[in-house]
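[1] Here's a sequence, model it:
(one chain, ligands or ions: 1)
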Amino acid sequence: MTMDFRLGEGSDALRDEARRFLDEQLTDDLREQMHRTGVHHDWDFHKARVESGMLAPGWPVEYGGQGRDALEVLAMAEEFQTAGAPTYGGSTTLMVANVIRHMGTEEQKRLIVPQALSGEIIIVLGFTEPEAGSDVAAAQARAVRDGDEWVINGQKMFTTNAQEADYVFLLTRTNPEVAKHKGLTTFLVPLRQPGVEIQPVFTVSGERTNLTFYSDVRVDDSLRIGEVDGGWEVMTVGLTFERSLPQGGDSRRLLRAMERWALTSVDDAGRPKSEDADVRARLGRAAAEIEVSTLLARRCAWVQNSGTLPGVEGSMAKLFATEALTRQSADFMDMLGPDGIRADGDPAAVAHGIAEYLYRFALGTTTYGGTSEIQRNIIAQRVLGLPRG
Ligand SMILES: Cc1cc2nc3c(=O)[nH]c(=O)nc-3n(C[C@H](O)[C@H](O)[C@H](O)COP(=O)(O)OP(=O)(O)OC[C@H]3O[C@@H](n4cnc5c(N)ncnc54)[C@H](O)[C@@H]3O)c2cc1C
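    Residues are numbered from 1 along each chain as shown. As a prediction, this is how the structure comes out:
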């Protein structure tokens, strides 16, 4: 049997389309805006993506997608990630739309999914709380039933893009009397209503996220996703989607910038950096790691194509790629010497300070969607069969 690691003609064609789209839409102005605001969502970019069929090409045609297979979609997503395009709002929206497709009511599929896929709305994730991060099932934000509505009170941490969004996919506590996993319910809560307060928080890389507060916020029961007290089952599906995103794009962008630097710089004796054994070793190591990240992500797409949701495969891909980005960005800062810590805006910064920026950015990537420690735990349990940690 032959093993073929190419993605195929459909993927090549979609990848080319994605490149053309990005050349046109991912302008220097948009990059500057993302850098200045720390917001990785832009409505014009998002709508242009919908127009050109590049938001949800993997969705069935009846939902407005193109029914493309997961490997084709991955080729496109790799390009968006490698370019550093503002896709975070689109990704969380599609993730929740997917949850609705799997577990939502017919009414939710008819009303919410088309709005999500047509770029009209974005949906963000409201899981984490100050006292419930890795242990997300400890969530305390309270939802109490009042006739056909629910009344929500509580606080969420890191509700990224809440300031842009129409809905938050909110994890709430509906029954405090039972074991923590059994008393949770998820809702799609409209964010633009009285009682919702959004406070910006900036990470060490300047990425904007938010604290969100909910005071007597009302949500109709028709916006409940899944059963009452069945929120943990919904979360399990949701987190699977979050962990099976493309990986390695930031590393690819970093490596390309470092390659250009090596090919265009010389040392004090006038020798090209590209001939320096230490530089070559660092570039080679990163290239091998990126190949691993790429293949692990492709394995997730392959699992999806065979009709199941990637589980532990997503944990492995996410763990490896985000830890690799942390290593590579540190390694390249070291390689660049004193210039390595110069940030974007400093005329002496190398490639707009990409290595030092991605070093700070990588810290977030090893945290969201489940920290590296949590992913290792999942792998130890599900791949090695160790007892629950
Ligand atoms: C930039 C950014 C964006 C984010 N966006 C969102 C978002 O949009 N929506 C959302 O809901 N959340 C979001 N998050 C939150 C993210 O999912 C949580 O930060 C993450 O789950 C970890 O939770 P915590 O920060 O409370 O850390 P904690 O859970 O308090 O962990 C602290 C440390 O202890 C370790 N640890 C905890 N438990 C264990 C254990 N059992 N075994 C071993 N080690 C353990 C962790 O790995 C970590 O190193 C975002 C986070 C960041 C940084």
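[2] ok, and does stretch 371-389 reach over to the ligand?
    Yes: Stretch 371-389 is in contact with the ligand by CB under 6 Å from any ligand atom, via 371, 373, 374, 377. Just so you know, the C-beta spots here come from the backbone N, C-alpha and C atoms, and that holds for glycine as well.
[3] quick one, helices of the stretch 201-350 of the chain?
    231-243, 249-264, 277-305, 312-336 (DSSP state H, counting those that start in this stretch).
[4] can you redo those as CSV with mean neighbour count and mean pLDDT?
    Formatted as CSV, those follow (neighbours: other CB atoms under 10 Å; pLDDT from 0 to 100):
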stretch, mean neighbour count, mean pLDDT
helix 231-243, 21, 84
helix 249-264, 19, 97
helix 277-305, 18, 95
helix 312-336, 22, 96
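[5] who wins for proximity to residue 78 among the ones you listed?
    Among these, helix 249-264 comes nearest to residue 78, with 6.2 Å by CB to CB.
[6] which residues are contacting the closest one?
    78, 80-84, 272-274, 276, 279-280, 282-283, 286-287, 289-290, 293, 321, 324-325, 328-329, 332, 335-336, 350-351, 354-355, 358, 361-362, 365 (CB atoms under 8 Å, 6 or more residues apart in numbering).
[7] now stretch 340-360
    Defining contact as CB under 8 Å, 6+ apart, one finds that stretch 340-360 is touched by 35, 203-206, 250, 253-254, 257-258, 260-261, 325-326, 328-330, 332-334, 336, 339.
[8] and if we set it to 6 Å?
    Contacts to stretch 340-360, defined as CB atoms under 6 Å, 6 or more residues apart in numbering, come from residues 204, 205, 250, 254, 257, 261, 329, 330, 332, 333, 336, 339.
[9] May I ask which helix or strand encompasses residue 71?
    According to DSSP states H and E, residue 71 maps onto helix 70-83.
[10] scratch that, residue 145
    In this assignment (DSSP H and E), residue 145 forms part of strand 142-146.
[11] Can you point out the buried residues in that strand?
    Neighbour counts over strand 142-146 (16 or more other CB atoms under 10 Å) mark residue 143 as buried.
[12] other SSEs contacting it?
    Contact analysis of strand 142-146 by 3 or more CB pairs under 6 Å, 6 or more residues apart in numbering; DSSP states H and E lists strand 149-156 as its packing neighbours.
[13] can you pull the pLDDT of the closest residue in space to residue 168 that isn't next to it in sequence?
    Distances taken as CB to CB, 6 or more residues apart in numbering put residue 126 closest to residue 168, at 4.1 Å, once the chain neighbours are dropped. On pLDDT, residue 126 comes in at 97.
[14] Just checking the distance from the strand holding residue 145 to the centre of its chain.
    With CA atoms, centre = their mean, to the nearest Å as the basis, strand 142-146 stands 30 Å off its chain's centre.
[15] Would you point out the most distant pair within the contacts of stretch 340-360?
    Greatest spatial distance in the contacts of stretch 340-360: 204 and 261, 24.0 Å, computed using CB to CB.
[16] that older thread, I'd like the mean pLDDT over the strand holding residue 145, please.
    For strand 142-146, mean pLDDT is 98.
[17] ok, the closest residue to the ligand within the stretch 1-150 of the chain to residue 369 distance?
    Closest contact between the stretch 1-150 of the chain and the ligand, by CB to the nearest ligand atom, is at residue 133 (1.8 Å). Residue 133 is 12 Å from residue 369, where distance means CB to CB, to the nearest Å.
[18] hmm, back to that, Throw the helices of the stretch 201-350 of the chain into a markdown table and include distance to the ligand, thanks.
    Listed next are the helices of the stretch 201-350 of the chain as a markdown table, based on distance: least, CB to the nearest ligand atom, whole Å:
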| stretch | distance to the ligand |
| --- | --- |
| helix 231-243 | 9 |
| helix 249-264 | 13 |
| helix 277-305 | 19 |
| helix 312-336 | 11 |
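[19] Kind regards, and thank you for your time.
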